[in-house]
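[1] Please find the sequence and the predicted model below.
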Amino acid sequence: MNVAVSPAFDVVSVNLLQTLLPLHIVVSDGGFITQAGATLSKISGDGSLVGELFDDVFEVIKPAGLQGRRALLATVGSAVHLRFKKPPYTRLKGVVAVDHREGLTVLTLSFGIGVVDAVQRFGLTSRDFAPNDPTIEMLYVVEAKSAAMNESRKLNDRLQHAKLSAEHDAQTDPLTGLHNRRALIQVLESAISAARKFTLIHMDLDYFKAVNDRLGHAAGDAVLSAAAGVMQSHFRGSDCIARTGGDEFVAVMMDTTDGNAVKKLCERLITAIEVPIEVDSNSAAISGSIGFTCSAQYNVPQIGRMMNDADHALYASKRGGRARVTQFEGLSDGATKMNGGPS
């Protein structure tokens, strides 16, 4: 329906209202919208509101119980609360003025506390508000705050990444990528605290010094890295493997205390370690000696004692001819015996 603009609102007045009040509407005595600000038309979703019945477009929320122009007339000089009748049901509040001579009701509207949501939802910019609208300054503040929060999140992400990286580096052997002694102790403390069963395995590479002496330290580092890779391929992802010294390694097998099963795994590991490693066209041959002990062998497992016992078992393997696996077994009278054999 085409509704003519009242003579009282000539072209100059219309342009002034569009510039100064982009969120305004003018309602005729018959309840039709005769003029609407560009921003209001933009958020309506239906384009221009001119010619629509006010009652078809808006629901008056406050004052309650009144609708249409009657509700507007009841709120002259005070606040009126509206919302669109179509999704997303945008809420507005405003002030009503009446030109009784022309039978026109003018509402100047705002988003109130919902302005930030409206700006995001409808893609509004400073051009959609009156030049002197304090909302513009608030939007600048919101934008600045959003930018600051975004930068803060980025900084926190970088700091968190740096923290995790530092923690990883602090628990990682830089040459092999395995855990270091610090990480090993933490794993053992956690296992004992949680009363989890585990097996502690101590391995020393045999003939490694000869590789270092013959091929140099760079070749020795390559051999250590290759040996670490072999170990990782034999243990489970849930197990902890640590390099605790030059050519010394310790593994913790969680929830495993079957000595026979551990011995067979270690024998397979030694066999794999003995496969010659090619380093710069040179062949490096090493082997390994292993000693282990199980937490189930102790009434109260203690890290120091278990490490010492696994070490004793390791050197029993070396004394027995190397390339062997030996399980430490403690006796009630304080003596010890070793259960081992060649691989």
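    Noted; the coordinates are in hand.

[2] quick check: domain ranges of the protein?
    The domain map for the chain lists 11-129, 133-170, 181-342, with the assignment taken from automatic domain parsing.

[3] Pipe those into TSV and attach mean pLDDT and mean neighbour count per row.
    No exception for glycine: its C-beta is placed from N, CA and C like everyone else's. Below are these laid out as TSV (pLDDT from 0 to 100; neighbours: other C-beta atoms under 10 Å):
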stretch	mean pLDDT	mean neighbour count
domain 11-129	80	16
domain 133-170	80	11
domain 181-342	91	17
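
[4] would you list every one of the strands in the chain?
    Secondary structure of the chain (DSSP state E): strands located at 24-27, 33-36, 58-62, 79-84, 91-99, 104-110, 198-206, 240-243, 248-254, 277-279, 282-284, 287-294, 324-330, 336-342.

[5] In CSV: those strands, plus distance to D213.
    Supplementary listing: the strands of the chain in CSV, determined by distance: least, C-beta to C-beta, whole Å:
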stretch, distance to D213
strand 24-27, 92
strand 33-36, 91
strand 58-62, 89
strand 79-84, 86
strand 91-99, 83
strand 104-110, 85
strand 198-206, 14
strand 240-243, 20
strand 248-254, 18
strand 277-279, 14
strand 282-284, 11
strand 287-294, 16
strand 324-330, 24
strand 336-342, 26
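
[6] mind checking the longest helix of this structure?
    helix 134-170 (DSSP state H).

[7] Which strands and helices lie in contact with that one?
    helix 115-122 (3 or more C-beta pairs under 8 Å, 6 or more residues apart in numbering; DSSP states H and E).

[8] now with 6 Å?
    Under the contact definition 3 or more C-beta pairs under 6 Å, 6 or more residues apart in numbering; DSSP states H and E, helix 134-170 sits against no other helix or strand.

[9] next one: that helix to chain centre, how far?
    With C-alpha atoms, centre = their mean, to the nearest Å as the basis, helix 134-170 stands 14 Å off its chain's centre.

[10] Strand 104-110 and that one, what's the angle between them?
    20 degrees (axes from the mean of the first three to the mean of the last three C-alpha atoms, to 10 degrees).

[11] going forward can the numbers begin at 54, since that is how I track them
    Let's use 54 as the start, then, which means that last one is helix 187-223.

[12] so helix 187-223 versus helix 168-175, what angle?
    The directions of helix 187-223 and helix 168-175 differ by 80 degrees, with the same axes, to 10 degrees as the criterion.

[13] how close does D362 get to D311?
    Using C-beta to C-beta, to the nearest Å, D362 is found at 18 Å from D311.

[14] now do R154
    In terms of C-beta to C-beta, R154 sits 101 Å off from D311.

[15] and if you look at K198?
    K198 is 61 Å from D311, by C-beta to C-beta.

[16] same thing with I166?
    Taken as C-beta to C-beta, the span from I166 to D311 is 67 Å.

[17] Also P141?
    65 Å.

[18] and if you look at V305?
    Distance from V305 to D311, by C-beta to C-beta: 15 Å.

[19] for D292, what are its contacts?
    A304, M306 (C-beta atoms under 6 Å, 6 or more residues apart in numbering).

[20] ok, now with 8 Å
    Residues in contact with D292 (C-beta atoms under 8 Å, 6 or more residues apart in numbering) are A304, V305, M306, M307.

[21] ok, now G84?
    Counting by C-beta under 8 Å, 6+ apart, G84 touches L106, F107, D108, G121, R122.

[22] Run a quick check on H232 versus V240, I expect a contact.
    Yes - shown here, H232 and V240 form a contact pair, counting by C-beta atoms under 8 Å, at 7.4 Å.

[23] Mutual contacts of the two, please.
    Here H232 and V240 have C293 as joint contacts, going by C-beta under 8 Å, 6+ apart.

[24] before we move on, back to that, quick one: closest of the strands of the chain to T225.
    Checking the strands of the chain against T225 by C-beta to C-beta gives strand 293-296 as the closest, at 9.5 Å.
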